[in-house]
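Undergrad: show me the folded form of this:
(2 chains, ligands or ions: 2)
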Amino acid sequence: MPSLSVRKPLSKKRRSLVAFFSFAIPLMIWSAVSYLPFIWHPLVKVTEAGSVGYFRANMLVPRETFKFETQKMASAGLEQPSGTPANPLYLPAPHEVGKALYTAFATEPRRQSEKWLHESLWSSIQVIFWGFILSSMLGIPIGILAGTFDFFSKLFEPFIEFFRYLPAPAFGALAVAILGIYQAPKIAIIFIGTFFQQVLVVANTTRKLDPALLEAGQTLGASNRSLLLKIVIPGVLPDLYRDTRILLGWAWTYLIVAELIGTSSGITWFITQQARYKNFDNVYAAIIIIGVLGLFIDFLMAYFGRRFFPWKSI
Amino acid sequence: MTRLELPDYKFQTERVKERFLRLKRRNITMEIRNLTKTFQGIDGPVTALKNINLKVHKREFVCVIGPSGCGKSTLIRTLAGLEEATSGEIFLDDKVVTKPGPERGMVYQEYTLFPWLTVKKNIMFGLLESGATKSIAESEARQWISLVGLEKFENHYPSQLSGGMKQRVAIARALANQPKVLLMDEPFGALDAQTRAKMQVYLMEIWKNIDITILFITHDLNEAVYLADRVVVLRANPGEIQEVIEVPVPQPRNPSQFITPEFLATKHHIETLIHPIEQVNEADNLNLVRMVNVASDIGDIF
Ligand SMILES: Nc1ncnc2c1ncn2[C@@H]1O[C@H](COP(=O)(O)OP(=O)(O)OP(=O)(O)O)[C@@H](O)[C@H]1O
Ligand SMILES: [Mg+2]
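TA: Numbers count the residues shown, from 1 in each chain, chains lettered A, B, ... in the order given. Ligands and ions are numbered 1, 2, ... in the order given. Below is the predicted model of the structure:
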């Protein structure tokens, strides 16, 4: 079977191969840029300063500057500097980031008051968790009601439509003023960022339930209450689950904003702090950890989804 | 070639005549009085049904047939209480009905089993709604499952069943509530010819053995004549009753009757009602000749 056929699944073997390449290709590009000097390497890392007054070992200088100084020393008959091509500090090589994935966890924070990476991560996960749980506890029921009864739709949706255009980060200062500087305002930002979208998405998903199922329920004698509890809710649950997976991804993007307000904390604090120390390998490591964590949670949810809704797949 | 000489569709043998007399002495289960239904269409109101009057007797099998868009689905949906009548009344055992209820079971053309429930739980749904305990509902559901011959599939989900099996479950689910009438809107329309024929035999079998009155919508002439005691022929725009035909084919029916003279006569008559010969539509004359160059190496296909 050809690899490109419209809306036909690939064979199992080919699917894993293609999925492998989806990660392998970016990694290959990164490696090429890092290890092949002729692709980019705009800087030179000085190994020996020679007679250049301001050169120091391990200093990074632009290629042109290095060439210029080398020629100057050569024509003056002085000792020439030596160096190797290098990329800027903000683009560490894969092996450096790979190493940082381990060392970031193992290095002690510079100051007593600062947190280890795993503590920062744990703090971030808690903020996401509580913000998202609170949002879902309110947003999913309201969304289902709005998707089922026109009354609730008209009661909630106009205001929510308006509110969702207000950028959640704009409420940062307000959240701090009301909720203090620690975790609470951060949770509030995640909540604001998720809740309003969630109500609308859930309401729309609920509205997509096949009306024939509701009619079938009515002709079987189901009351309004049963229609809601025994048909609407189980009927839309798998789709709501899928929505929740997508919304959780959005919550992660709000995390970065949320953690900057009040006292900066969590993984965002770790990233800004490491960037300040110019430990860019740690920055990349932290970003990759967020990605892996997100992917892992999504895998987990997909796995449980198949368990929860066996009737969805044949 | 000579045309078949068919008898008058109104001719009934003594046995058939006598049966209809008995049938008409039965109680009236459902009565439709002056039912009219108009929809608010984009360009003005559309009269989907106009002045429908019909009495359906206990344990009668009535088929409704008519051209597409004549209001068959609207009729059955109004009877089920899913649409509100614009005017007129529907009586079920002399009581007016206005909203859906379990005493009118419904089976649709589309599959409307609850996909998240197994076969058994689908059938238990209505029983639980009517207040049966779980154990009673379960044992009753089992009986209905065996009636439709799906014992092996009681724990399967609808997505694991074939179309015919799904409709058998849908019938069992509707019957489990012990409704007075079973409303069926082209229930076998999505099935292939063979499965469809099996389902027809099957439905007749159920109808014989259960205290149920059936109103069955179809656009298949064979199906209508084969299943029905009486066939109601609708006309389109507006949807009105054109004729109510007493099918002269003796009961109990069997598939060998498809080619008996009275079967063919009835079928032929309904055909002329639904597709009047003189009314040839201009748009139906295809102008293919002008569109396609005919390859000349084959002179004449006849
Ligand atoms: N909800 C609605 N709003 C507006 N018009 C409607 C609605 N439902 C049905 N109609 C109109 O009423 C008429 C009858 O429709 P109906 O679906 O009852 O026909 P039908 O006989 O069941 O057709 P088919 O054989 O194709 O199933 C059609 O002209 C249709 O356009
Ligand atoms: Mg229809």
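
Undergrad: distance from the centroid: which residue in chain A tops it?
TA: Here chain A reaches farthest from its C-alpha mean at A:Gly77, the gap being 55.1 Å by C-alpha atoms, centre = their mean.

Undergrad: which residues of the stretch 151-300 of chain B fall in helices?
TA: Here the stretch 151-300 of chain B has its helices, by DSSP state H, counting those that start in this stretch, at B:163-176, B:193-209, B:221-227, B:261-274, B:288-291.

Undergrad: for the fourth one, output the C-alpha coordinates as CSV.
TA: What follows is helix B:261-274, C-alpha atoms only, in CSV (Å, rounded to 0.1, in the frame of the first residue of the first chain):
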residue,chain,number,x,y,z
PRO,B,261,-52.2,-12.8,-8.6
GLU,B,262,-53.8,-10.9,-5.7
PHE,B,263,-50.3,-9.9,-4.4
LEU,B,264,-49.3,-8.6,-7.8
ALA,B,265,-52.6,-6.9,-8.4
THR,B,266,-52.3,-5.0,-5.1
LYS,B,267,-48.8,-4.1,-5.8
HIS,B,268,-49.6,-2.9,-9.3
HIS,B,269,-52.4,-0.8,-8.0
ILE,B,270,-50.2,0.9,-5.3
GLU,B,271,-47.6,1.5,-8.0
THR,B,272,-50.0,3.4,-10.2
LEU,B,273,-51.1,5.4,-7.2
ILE,B,274,-47.6,6.5,-6.3
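
Undergrad: quick one: buried residues of that helix?
TA: Under the neighbour-count criterion of 16 or more other C-beta atoms under 10 Å in any protein chain shown, helix B:261-274 has B:Glu262, B:Phe263, B:Leu264, B:Ala265, B:Thr266, B:Lys267, B:His269, B:Ile270, B:Leu273, B:Ile274 buried. Every residue, glycine included, has its C-beta placed from N, CA and C.

Undergrad: doesn't B:Leu4 make contact with the third one?
TA: Yes. With contact defined as C-beta atoms under 8 Å, B:Leu264 counts as touching B:Leu4 (6.9 Å).

Undergrad: returning to that earlier point: adding distance to ligand 1 and pLDDT, write the buried residues of helix B:261-274 out as JSON lines.
TA: Listed next are those as JSON lines, based on distance: C-beta to the nearest ligand atom, whole Å; pLDDT from 0 to 100:
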{"residue": "B:Glu262", "distance to ligand 1": "26", "pLDDT": "88"}
{"residue": "B:Phe263", "distance to ligand 1": "23", "pLDDT": "89"}
{"residue": "B:Leu264", "distance to ligand 1": "24", "pLDDT": "90"}
{"residue": "B:Ala265", "distance to ligand 1": "24", "pLDDT": "89"}
{"residue": "B:Thr266", "distance to ligand 1": "20", "pLDDT": "91"}
{"residue": "B:Lys267", "distance to ligand 1": "18", "pLDDT": "90"}
{"residue": "B:His269", "distance to ligand 1": "20", "pLDDT": "90"}
{"residue": "B:Ile270", "distance to ligand 1": "15", "pLDDT": "91"}
{"residue": "B:Leu273", "distance to ligand 1": "15", "pLDDT": "89"}
{"residue": "B:Ile274", "distance to ligand 1": "11", "pLDDT": "87"}
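
Undergrad: ok, of the residues you listed, which one's closest to A:Val283?
TA: Lowest distance from A:Val283 to those (C-beta to C-beta) belongs to B:Ile274, with 76.0 Å.

Undergrad: how about chain A: which residue is closest to chain B?
TA: Taking C-beta to the nearest C-beta, chain B has its nearest neighbour within chain A at A:Gly221, 3.2 Å off.

Undergrad: okay, and the helix or strand of chain B with the least pLDDT?
TA: Within chain B, no helix or strand scores below helix B:288-291, which has a mean of 62 by mean pLDDT, DSSP states H and E.

Undergrad: what about A:Asp150, neighbour count?
TA: Neighbour count for A:Asp150, taken as other C-beta atoms under 10 Å in any protein chain shown: 9.

Undergrad: contacts only, for it.
TA: Residues counted as contacts of A:Asp150 (C-beta atoms under 8 Å, 6 or more residues apart in numbering or on different chains): none.

Undergrad: now do the same for it: its pLDDT.
TA: Listed pLDDT for A:Asp150 reads 92.

Undergrad: next: A:Ile314.
TA: On pLDDT, A:Ile314 comes in at 44.

Undergrad: likewise A:Leu10?
TA: pLDDT, A:Leu10: 83.

Undergrad: go on, B:Tyr9?
TA: For B:Tyr9, pLDDT reads 80.

Undergrad: next, it: secondary structure please.
TA: Under DSSP: H, G, I helix; E, B strand; the rest coil, B:Tyr9 falls in the coil class.

Undergrad: adding distance to A:Asp243, write the helices of the stretch 151-300 of chain B out as JSON lines.
TA: Below are the helices of the stretch 151-300 of chain B laid out as JSON lines (distance: least, C-beta to C-beta, whole Å):
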{"stretch": "helix B:163-176", "distance to A:Asp243": "28"}
{"stretch": "helix B:193-209", "distance to A:Asp243": "37"}
{"stretch": "helix B:221-227", "distance to A:Asp243": "43"}
{"stretch": "helix B:261-274", "distance to A:Asp243": "47"}
{"stretch": "helix B:288-291", "distance to A:Asp243": "49"}
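
Undergrad: now the residue in chain B positioned nearest to chain A: closest residue in space that isn't a chain neighbour?
TA: In chain B, the residue that lies nearest chain A is B:Pro102 (3.2 Å; C-beta to the nearest C-beta). Nearest residue to B:Pro102, sequence neighbours excluded (C-beta to C-beta, 6 or more residues apart in numbering or on different chains): A:Gly221, at 3.2 Å.

Undergrad: need the phi and psi values for that neighbour.
TA: For A:Gly221, the backbone dihedrals are phi 90, psi 20 (criterion: degrees, to the nearest 10).

Undergrad: now do the contacts for it.
TA: Taking C-beta under 8 Å, 6+ apart, one finds B:Pro100, B:Gly101, B:Pro102, B:Gly126, B:Glu129, B:Ser130, B:Asn177 in contact with A:Gly221.

Undergrad: buried only: go through the residues you listed for me.
TA: Neighbour counting by 16+ other C-beta under 10 Å classes B:Pro100, B:Gly101, B:Pro102, B:Gly126, B:Glu129, B:Asn177 among the contacts of A:Gly221 as buried.

Undergrad: A:Lys154: which of those is nearest?
TA: Taking C-beta to C-beta as the measure, A:Lys154 lies nearest B:Pro100 of the buried ones among the contacts of A:Gly221, at 24.5 Å.

Undergrad: so that closest one: helix, strand or coil?
TA: Judged by three-state DSSP, the three-state class of B:Pro100 is coil.

Undergrad: can you pull the pLDDT of it?
TA: With respect to pLDDT, B:Pro100 has a value of 91.
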